[in-house]
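just a sequence and a predicted model for now, questions to come.
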Amino acid sequence: MARKQSFLGADFSEQFKEAYAGLQSAQQQGTDKVVMALLKQRPTPGMRVKPVEPEKHYYEARINDGDRLIHRIEAGTLYLVDVVKHDDIDRYGRKPKRR
């Protein structure tokens, strides 16, 4: 008997939507694969999911050599925050300030 697969809920930030819209088709396809794997709670070793230092509030997942998906998982929901170049990951090293 096949095992029932459970999915996380998804919440897409405005920043993620803008970044995704600016990607080329091949980059969007790569992003889609990473998002689906995270929603299924089955990341692959090639995604190299790890916390963003130093505060570890956000996580990064590798899309390709240069692009990273910034996300959080909380209370059964995958929060898709942004798609950034690897060199720009530092801006997600700290928790956002509350206003």
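That came in fine, so what should we check first?

run through the protein and note the low-pLDDT ranges.
Counting by pLDDT under 70, the chain has low-confidence residues at 1-3, 98-99.

do a quick rundown of the strands in it.
9-12, 50-51, 59-62, 67-74, 77-85 (DSSP state E).

okay, the ones you listed, which one's buried deepest?
Ranked by mean neighbour count under mean count of other CB atoms under 10 Å, the strands of the chain are led by strand 59-62, which reaches a mean of 21. All C-beta spots, glycine's among them, are computed from the backbone N, C-alpha and C.

can I get that one in PDB, CA atoms only?
Output in PDB follows, covering the C-alpha atoms of strand 59-62 (Å, rounded to 0.1, in the frame of the first residue of the first chain):
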ATOM      1  CA  TYR A  59      17.500  28.700   5.900                       C
ATOM      2  CA  GLU A  60      19.000  28.600   2.500                       C
ATOM      3  CA  ALA A  61      18.500  25.900  -0.100                       C
ATOM      4  CA  ARG A  62      20.700  25.600  -3.200                       C
END
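
same for it, what does it pack against?
helix 25-39, strand 50-51, strand 67-74 (3 or more CB pairs under 8 Å, 6 or more residues apart in numbering; DSSP states H and E).

can you list the strands of the chain in TSV and add distance to Thr44?
What follows is the strands of the chain, written out as TSV (distance: least, CB to CB, whole Å):
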stretch	distance to Thr44
strand 9-12	19
strand 50-51	13
strand 59-62	9
strand 67-74	13
strand 77-85	16
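
which one of the ones you listed lies nearest to Glu18?
strand 77-85 (8.8 Å; CB to CB).

residues in contact with the closest one?
Strand 77-85 is touched from outside by 8-13, 15-16, 19-20, 23, 27, 31, 35, 38-39, 58, 63, 66-73, 91-92, with contacts defined as CB atoms under 8 Å, 6 or more residues apart in numbering.
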